[in-house]
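Asker: Build me a model:
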Amino acid sequence: MIRNFILSASRTLLKNRWHSLINVVGLTLGISCAIVIFAIVRFELSFDDYHPNKERTYRIVTERHPYGEIEFTAGITYPLTDALRQDFPDLEYVTVDDVNVGAPVLGVTAKDGAIKLFKETKFCFVDPDYFKIFKYDWIEGSPDRALKGEKAVVLTESVARKYFGAESALNQIISFNNKYPVTVTGVVKDPPLNTDRPYTVIFGNKLGADTHAWTNWGSTSSGINCYVQLKENVSAADFESKLKGWHLKYFTGDDKESGETMTYFLQPLKEVHRDTRFSNHGDRIVSEKTLLSLSFVGALLLITACINFINLNTVLIINRSKEVGIKKVLGGSKSHLITTFLGETFMITLVSLLVSAGLIPLFMILLKSALGYSLTINFFTDPVLAFFVVLLLVLVTLLAGLYPGMTLAAFQPIRALKNKLYETGNEGISLRRILIGFQIVTSQALVICTIIVMRQLAYFSELPLGLNSSSVVEFELPTQRQ
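Answerer: Below you'll find the model as predicted:
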């Protein structure tokens, strides 16, 4: 029975091969856009969701009210972390996350005595609790002992290989800014793409926590963040209530007035990547509104592709009226006719999905420059994506095939055989006009929005800066942690 069904559907599709090809092209574009957008949105929502206690992990952020205005900052002052440890037993772990220093120059002595210098930009200074809060896969060393030394550093696998080749990096000595030696106490795997802490070199904070000389509470920097992990039975709301006004006892003298205008509160780890009020050390924030808008566009494109399929098949209904009439005369039931048409739609959707699977990697390569990262889509190793694809296959089949199938099955045999299709009423024609109107309006709106965005981007990139950029040289001043 299944074999006969497949043969019958195949004959029908081959008989109307050009019509089927147009349907495949339309559904391929809609399905491809839906899968690509789903993968991008899912990736942006997955930032730092792999840490074991992410629900209890927060960043300490600040709300200020200077001169009647509202300002938000993720920057803290250095004394904050020690004060939190001392005053709040509700906190399980506390760590500073400091990138507030120029990119360090690290020197490695080769076996022949030559010194190789490397300038690292993805670095940070942290407390030992950092590795208890955030998950890393350890190759050498252990998170409990890695940063307990006075001058310690943890390298990622790629950096360790760059510095020492196949040789073990553990206990190797690295020169920091040509100033003093630092010992490698651990090697971890490279961080994944979905993190806002893409560090490749992680120094212990004892390397120079006092060198900023920022001992007063009024001195803050956006490059210095503080992360905390609450104990299991402590709620974020209760802890935030304790934070209000707590810091005022540390603000003295000229800083007291500044302290009265600010309030510390908790920012959940999952919001660090999506809260546009604050910066992060990954230097990229994607708002929830952007993700919702992108999801809405993806849904519109998919619905438009389904409506295009419906409209094209509604036209074909006239040519298939006699076929339907004969099947009904021979005893074909309404459910059988609907199932037959859904089967044909399923085959077209399946072919479109297979074509999309081949085009999507190409789309991701073209989108790499716009996204800022290379995203790999694999339907076989990602169960969530595989489930979405199967769900998409079923939904598109139902959305695109159910209405034309029901319309075909509703024909009266005598009228169908006499080609008196439209004497049954104008309901189908009216719905078709509505679908065509929706399709045209949606397509035009998307095209207009795309043109506007492209023109704005071109304007920003081509607008004269008022200076000759080729004559301007930028260089960093050397910095050292004493």
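Asker: Is Thr339 within a helix or a strand, and which one?
Answerer: helix 334-371 (DSSP states H and E).
Asker: Now the element after that helix, going C-ward?
Answerer: helix 383-409.
Asker: What angle do helix 334-371 and that next one make with each other?
Answerer: 140 degrees (axes from the mean of the first three to the mean of the last three C-alpha atoms, to 10 degrees).
Asker: Helix 383-409 - what's its average pLDDT?
Answerer: Averaging pLDDT along helix 383-409 gives 83.
Asker: which strands and helices sit next to that helix?
Answerer: Judged by 3 or more C-beta pairs under 8 Å, 6 or more residues apart in numbering; DSSP states H and E, helix 383-409 is in contact with helix 17-45, helix 288-317, helix 334-371. To be clear about C-beta, it is placed using only N, CA and C from the backbone, and glycine gets the same treatment.
Asker: Mind checking those helices for the one nearest to Val472?
Answerer: Val472 lies closest to helix 334-371 among the helices and strands packed on helix 383-409, at 24.5 Å (C-beta to C-beta).
Asker: which SS state does the closest residue to Ser287 other than its chain neighbours fall under?
Answerer: Spatially, and ignoring its direct neighbours in sequence, Ser287 is nearest to Thr276 (4.8 Å; C-beta to C-beta, 6 or more residues apart in numbering). Under the three-state scheme (DSSP: H, G, I helix; E, B strand; the rest coil), Thr276 adopts coil.
Asker: buried sites along stretch 185-202?
Answerer: 185-188, 191, 194-202 (16 or more other C-beta atoms under 10 Å).
Asker: For Asp129, state which of those residues is nearest.
Answerer: Comparing those against Asp129 with C-beta to C-beta picks out Ile202 as the nearest, at 12.7 Å.
Asker: Look up which helix or strand the closest one falls in, please.
Answerer: Here Ile202, judged by DSSP H and E, is contained in strand 201-204.
Asker: Please enumerate the helices of the stretch 151-300 of the chain.
Answerer: 157-164, 236-243, 256-259, 288-317 (DSSP state H, counting those that start in this stretch).
Asker: Can you add distance to Lys206 and mean neighbour count and give these back as CSV?
Answerer: Output for the helices of the stretch 151-300 of the chain, formatted as CSV (distance: least, C-beta to C-beta, whole Å; neighbours: other C-beta atoms under 10 Å):
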stretch, distance to Lys206, mean neighbour count
helix 157-164, 21, 18
helix 236-243, 26, 13
helix 256-259, 28, 14
helix 288-317, 38, 18
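Asker: worst average pLDDT in those helices?
Answerer: helix 256-259 (a mean of 78).
Asker: Run through who's touching that one.
Answerer: 217-218, 247-248, 250-251 (C-beta atoms under 8 Å, 6 or more residues apart in numbering).
Asker: hmm, back to that, report how many residues lie close to the residue nearest to Ser287.
Answerer: By the measure other C-beta atoms under 10 Å, the count of residues near Thr276 is 12.
Asker: and what of Phe131?
Answerer: For Phe131, using other C-beta under 10 Å, the count is 24.
Asker: Check Tyr373 and give its pLDDT.
Answerer: Looking at Tyr373, the pLDDT reads 84.
Asker: which residues touch the closest residue to it other than its chain neighbours?
Answerer: Counting by C-beta to C-beta, 6+ apart, Leu193 is the residue found nearest to Tyr373 once chain neighbours are left out, at 5.6 Å. The neighbours of Leu193, taking C-beta under 8 Å, 6+ apart as the test, are 43, 373, 375.
Asker: mind running it again at 10 Å?
Answerer: For Leu193, the contact set (C-beta atoms under 10 Å, 6 or more residues apart in numbering) comprises 43, 46-47, 282, 373-376.
Asker: Repeat that for Asn308.
Answerer: 22-23, 25-27, 29-30, 400, 435-436, 439, 443 are the contacts of Asn308 under C-beta under 10 Å, 6+ apart.
Asker: Quick check on the residues you listed: which are buried?
Answerer: Using 16+ other C-beta under 10 Å as the burial test, the contacts of Asn308 include 23, 26-27, 29-30, 400, 435, 439 as buried.
Asker: Now do the strands for the stretch 1-150 of the chain: every range, in order, please.
Answerer: Secondary structure of the stretch 1-150 of the chain (DSSP state E, counting those that start in this stretch): strands located at 57-64, 71-73, 91-98, 105-109, 115-119, 123-126, 138-140.
Asker: Direction included, what does the second one pair up with?
Answerer: By that I understand strand 71-73. Strand 71-73 sits in its sheet next to strand 57-64 (antiparallel), going by DSSP bridges.
Asker: wait, His19 sits on Glu344?
Answerer: No: between His19 and Glu344 there is no contact under C-beta atoms under 10 Å: 11.1 Å.
Asker: Please say which of those two ends up with more neighbours.
Answerer: Glu344 (24 against 16).
Asker: Surely that one touches Asn313?
Answerer: Yes: assessed by C-beta under 10 Å, Glu344 is found in contact with Asn313 at 9.0 Å.
Asker: picking up where we left off before, and the angle for the helix holding Thr339 with helix 288-317?
Answerer: 140 degrees.
Asker: okay, the angle between helix 334-371 and helix 17-45?
Answerer: Using the same axes, to 10 degrees: helix 334-371 against helix 17-45 is 50 degrees.
Asker: And helix 334-371, what's buried?
Answerer: Going by 16+ other C-beta under 10 Å, helix 334-371 has these buried residues: 337-338, 340-349, 351-353, 355-357, 360, 364.
Asker: picking up where we left off before, how close does the residue nearest to Tyr373 get to Asp48?
Answerer: Look at Leu193 and Asp48: by C-beta to C-beta, to the nearest Å, they are 11 Å apart.
Asker: Then Asn225?
Answerer: Taking C-beta to C-beta, one finds Asn225 at 13 Å from Asp48.
Asker: Find the residues that touch each one of the two.
Answerer: 196-197, 272, 280.
Asker: what's the burial count for Ile37?
Answerer: By other C-beta under 10 Å, 19 other residues sit near Ile37.
Asker: mind listing what it touches?
Answerer: Ile37 touches 291, 294-299, 301-302, counting by C-beta under 10 Å, 6+ apart.
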